[in-house]
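Asks: Sharing a model prediction with you, sequence too.
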Amino acid sequence: MAQGNRLFAAGDYAAAFEVFAAAQQRWPRPVLLRSMAFCQLKRARHREALELLQRYAASYPHAGDAARITATIAELEVAMATRLNVSSTPSGAAVFLDTEASGQRGTTPSPALAPGRHTLILQHPGFEPTTRDFVLEPRQQLTLALRLAVGLHVTSSPSGAALHVTPGPTRMRRRH
């Protein structure tokens, strides 16, 4: 248990989960179910966290944190019904939610999210990163389809040339 707690405190939630799960198989205890659930919450695995918390609440109904666990279960049930669907043009963009540090969520995910204000970040090689802020209401199913812009980088030889951009198609003219 101490090793799992150290891993959790260090932010290695996957390894902490494995330690707690192995301990639960050897010595089943409700507190291990709770620890496993909080690992899954940190990993945004809401369905697994919900199932583990429900098992914890059923096996330890008079726990000191029973009210908090019941509230967390209710929040997770709302989060499970609150969903974001993401698509991009071109397809295959890396999708991040809220921060890049939170890790890539796939290329066209449909994650369950807590209601509230969020930021969607899309990245694709050869295209400009795209960011979109949005608000997700409880139990809302929101679809965001984003078109990525091609990055344009212009160089000239010799350097210092002037570049004029006009709307619509334009014929290139050479100045003498």
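Replies: Received, thanks.
Asks: secondary structure element for His164?
Replies: His164 belongs to no helix or strand when assigned by DSSP states H and E.
Asks: So what does the residue positioned nearest the centre of the chain have for phi and psi?
Replies: Centroid-nearest residue in the chain: Leu97, 4.2 Å away (criterion: CA atoms, centre = their mean). Reported as degrees, to the nearest 10, the phi and psi values for Leu97 are phi -120, psi 130.
Asks: Who is it paired with across the strands?
Replies: Beta-bridge partners for Leu97, by DSSP bridges, are Leu120.
Asks: That one contacts Ala114, correct?
Replies: No. Counting by CB atoms under 8 Å, Leu97 stays clear of Ala114, with 10.5 Å between them. The way it works is simple: take the backbone N, C-alpha and C, and place the C-beta from them, glycine included.
Asks: Can you mark which positions in the longest helix along the chain are buried?
Replies: Across the chain, the helix with the greatest residue count (assigned by DSSP state H) is helix 66-81. For helix 66-81, the neighbour count (16 or more other CB atoms under 10 Å) marks Ile69, Thr72, Ile73, Glu75, Leu76, Ala79 as buried.
Asks: okay if I get the residues you listed as CSV plus distance to Gln123 and pLDDT?
Replies: Below are the buried residues of helix 66-81 laid out as CSV (distance: CB to CB, whole Å; pLDDT from 0 to 100):
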residue, distance to Gln123, pLDDT
Ile69, 37, 97
Thr72, 32, 95
Ile73, 35, 96
Glu75, 30, 90
Leu76, 29, 91
Ala79, 25, 82
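Asks: could you redo these as TSV and give each row distance to His62?
Replies: As requested, the buried residues of helix 66-81 are exported to TSV (distance: CB to CB, whole Å):
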residue	distance to His62
Ile69	11
Thr72	17
Ile73	16
Glu75	21
Leu76	21
Ala79	26
